[in-house]
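[1] please work out how this folds:
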Amino acid sequence: MEKLSGLSHLFMTIFLHNFATFMVIPAITDVTMAALCPGRDECSLAIYISGFQQAIIGLGSLVMMPLVGNLSDKHGRKALLTVPMTLTIIPLAILAYSRTRSFFYAYYVLKSLTAMFCEGSVHCLALAYVADNVPEGRRASAFGILSGIGSCAFVCGTLSTRFLPTASTFQVATAMAMLSAVYMRIFLPDSIINDNLSTPIISRGKLDGIVNPDEESDKKMQMFKTMPSIEDMLALLKSSLTFSQAAIVSFFSNLADVGLHASLLYYLKARFHFNKDQFADLMVIAGVTGTISQLILMPILAPALGEERLLSIGLFFNCAQIIFYSVAWSFWVPYAAAVFSLFYVFSQPCIRSIVSKQVGPSEQGKAQGVISGVGSFANVASPLVFSPLTALFLSETAPFYFPGFSIMCVGFASMIAFVQSLMIRAVHPISSQRAGNCNYMEA
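    Predicted structure coming up:
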């Protein structure tokens, strides 16, 4: 418990940041529709433009996530956290000022550019921070608590949106994003305290106003050498069978998640005429059940069942949830399906815990960055596949009447992740083996 209590400033930072980013999700669909297709419940342009944005963001994240993780191993988690948490403020501030078409396009462009770096990087760095400070045997529970904090912020953010007008929603989100960045800079201690592992981005020489050109040149060359190449990432993926299997599960799980999030709100708006308030209600149900699960059930079940079994359970219920969404015959069915989040939320913390045990202490950022990069590749592919399907089957030119067909296809991707998760077997952690080898050599 002492180790987890030492993460309190990280948990507060993640809560504030996620509160800001999640509270705009129920409102952004209505803002997009109002800017692009005023007065309509179905808009193919909005679906395509949202899918294109997600693909661009995923492409940028695919490159940036391994780099961010690797640089955080070198320069510390806190320094790298500062950049995405600051950039997140800019797009929110634009819609906080105005939501007319011209301002929406400005938001769209800046959101696409900043999210290439920001999307997932805060979560990736937070996971590496936890791995730095929590022993292997308790990481699954710690990752579950971190995800639970995120779910709690999700609930609080979407519940706030339920009772706020759209303009106030973006204003509050902007203020919370600024508060999270300031809080992190003031209160969060850096997790890497070993001088041999941590190299400050701003060196003492710069602080003193003395800069040695040769030294600076060497440092720049050293930094480029530490940036992960494709070969480095492939080598890490091949370092253990468990790591590569977890990467495959992560890919198809993210493929399903992104496909669902890109399609579900537009589907529910066209099918049952949902708006911001109904979206918020749905997300609050999913968030409350997810929070209860991650903060109460997961710390109990993870040591008893193991991450591998818990991962399969989570993916099974995710698949079931998506299928229920796709065949929803009444407005209450999506609300009932959202309760399945009670078990679905197990999957992501379990994947991260499995991966963290396959590498050494100095490679946690790199490993989490590679898995985030794999997920970002899914972020690129998913909108390209599912957004056109969603637009087609919600339009009047659909080849047959099945508005939830694209979401059913998302369910098939989740089913592949579930089947692959059944093949993962618990093995002796590589990080423990390395520690054991080091102790043997010292003896």
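
[2] now Trp332: phi and psi?
    Torsion angles at Trp332 (phi, psi; degrees, to the nearest 10) stand at phi -80, psi -20.

[3] what's the burial count for the residue lying closest to Gly369 once chain neighbours are set aside?
    Using C-beta to C-beta, 6 or more residues apart in numbering and skipping residues adjacent in sequence, the residue nearest Gly369 is Gly69, 2.2 Å away. (Glycine included, C-beta is placed from N, CA and C.) For Gly69, the count of nearby residues is 28 (other C-beta atoms under 10 Å).

[4] could you do the one 5 residues further on as well?
    When neighbours are defined as other C-beta under 10 Å, Lys74 has 21 of them.

[5] that one: which element?
    helix 44-75 (DSSP states H and E).

[6] so how far is Ser121 from the residue nearest to Gly369?
    Distance of Gly69 to Ser121, computed by C-beta to C-beta, to the nearest Å: 8 Å.

[7] wait, isn't Met184 in contact with Thr82?
    Yes. With contact defined as C-beta atoms under 8 Å, Met184 and Thr82 form a contacting pair (7.2 Å).

[8] the two: who's more crowded?
    Met184 (22 against 15).

[9] once you drop chain neighbours, what's closest to the more buried one?
    Nearest residue to Met184 in three dimensions, chain neighbours excluded: Thr13, at 4.4 Å (C-beta to C-beta, 6+ apart).

[10] wait, that neighbour sits on Pro189?
    No. Using C-beta under 8 Å as the test, Thr13 is too far from Pro189 to be in contact (11.3 Å).

[11] overlap in contacts of those two?
    Listed contacts common to Thr13 and Pro189 are nil; contacts here mean C-beta atoms under 8 Å, 6 or more residues apart in numbering.

[12] what about the two, which has more around it?
    Taking Thr13 and Pro189 together and counting by other C-beta under 10 Å, Thr13 has the greater number of neighbours (26 against 13).

[13] thinking again about what came up before, so who does the residue nearest to Gly369 touch?
    124-125, 128, 365-370, 372.

[14] picking that back up, tell me the buried residues in the helix or strand hosting the residue nearest to Met184?
    Taking DSSP H and E as the criterion, Thr13 maps to helix 8-22. For helix 8-22, the neighbour count (16 or more other C-beta atoms under 10 Å) marks 10-22 as buried.

[15] I'd like the distance between the residue nearest to Gly369 and Arg77.
    The spacing between Gly69 and Arg77, counted by C-beta to C-beta, is 10 Å.

[16] next: Phe412.
    Phe412 is 37 Å from Arg77, by C-beta to C-beta.

[17] next one: Ser121
    In terms of C-beta to C-beta, Ser121 sits 11 Å off from Arg77.

[18] let me see the contact set for the residue nearest in space to the middle of the chain.
    For the chain, the residue nearest the mean C-alpha position is Gly120 (4.3 Å; C-alpha atoms, centre = their mean). Listed by C-beta under 8 Å, 6+ apart, the contact set of Gly120 reads 61, 65, 372, 375-376.

[19] how about those in a markdown table, adding pLDDT and distance to Met33?
    Putting the contacts of Gly120 into a markdown table (pLDDT from 0 to 100; distance: C-beta to C-beta, whole Å) gives the following:
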| residue | pLDDT | distance to Met33 |
| --- | --- | --- |
| Ser61 | 76 | 26 |
| Met65 | 73 | 31 |
| Ser372 | 75 | 30 |
| Gly375 | 77 | 28 |
| Ser376 | 74 | 27 |
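
[20] nearest to Ala338, of the residues you listed?
    Using C-beta to C-beta, Gly375 comes nearest to Ala338 of those, at 22.3 Å.

[21] can you pull the buried residues of the helix holding Lys74?
    44, 46-51, 53-62, 64-75.

[22] so where is the stretch 301-443 of the chain shaky, pLDDT-wise?
    For the stretch 301-443 of the chain, the stretches flagged by pLDDT under 70 are 362, 365, 426-443.

[23] can you give me the helices in it?
    Ranges of helices in the stretch 301-443 of the chain, per DSSP state H, counting those that start in this stretch, are 307-326, 333-338, 341-344, 347-356, 364-393, 405-421, 430-442.

[24] could you single out the most deeply buried of these?
    Neighbour counts (mean count of other C-beta atoms under 10 Å) averaged over each of the helices of the stretch 301-443 of the chain peak at helix 347-356, with a mean of 28.

[25] which secondary structure elements does that helix contact?
    Helices and strands touching helix 347-356, by 3 or more C-beta pairs under 8 Å, 6 or more residues apart in numbering; DSSP states H and E, are helix 121-133, helix 139-163, helix 241-272, helix 298-305, helix 307-326, helix 364-393.

[26] hmm, 6 Å instead?
    In this structure, helix 347-356 packs against helix 139-163, helix 241-272, helix 307-326, with contacts taken as 3 or more C-beta pairs under 6 Å, 6 or more residues apart in numbering; DSSP states H and E.

[27] quick one: distance of that helix to the chain centre.
    In terms of C-alpha atoms, centre = their mean, to the nearest Å, the centre of helix 347-356 is found 13 Å from the chain centre.

[28] again with stretch 86-100
    Computed by C-alpha atoms, centre = their mean, the separation of stretch 86-100 from the middle of its chain amounts to 20 Å.

[29] sketch out the low-pLDDT regions of the stretch 101-250 of the chain for me.
    192-234, 236-238.

[30] which strand or helix spans Asp190?
    If you go by DSSP H and E, Asp190 is not part of any helix or strand.

[31] count the neighbours of it for me.
    Residues near Asp190, counting by other C-beta under 10 Å: 16.

[32] and Leu62, how far from Val374?
    8 Å.

[33] against Leu260, how distant is the closest residue to Ser406 other than its chain neighbours?
    Leaving aside its chain neighbours, Ser406 sits nearest to Leu389 (3.7 Å; criterion: C-beta to C-beta, 6+ apart). According to C-beta to C-beta, Leu389 stands 12 Å off from Leu260.

[34] now Phe252
    Look at Phe252 and Leu260: by C-beta to C-beta, they are 13 Å apart.

[35] those two: who's more crowded?
    Using other C-beta under 10 Å, the more surrounded residue of Phe252 and Leu260 is Leu260, with 24 against 21.

[36] and the angle for the host helix or strand of Met33 with helix 241-272?
    Following DSSP H and E, one finds Met33 within helix 25-36. Put simply, helix 25-36 runs at 60 degrees to helix 241-272, going by axes from the mean of the first three to the mean of the last three C-alpha atoms, to 10 degrees.

[37] Met415 and Ala256, how far apart?
    Going from Met415 to Ala256 by C-beta to C-beta gives 9 Å.
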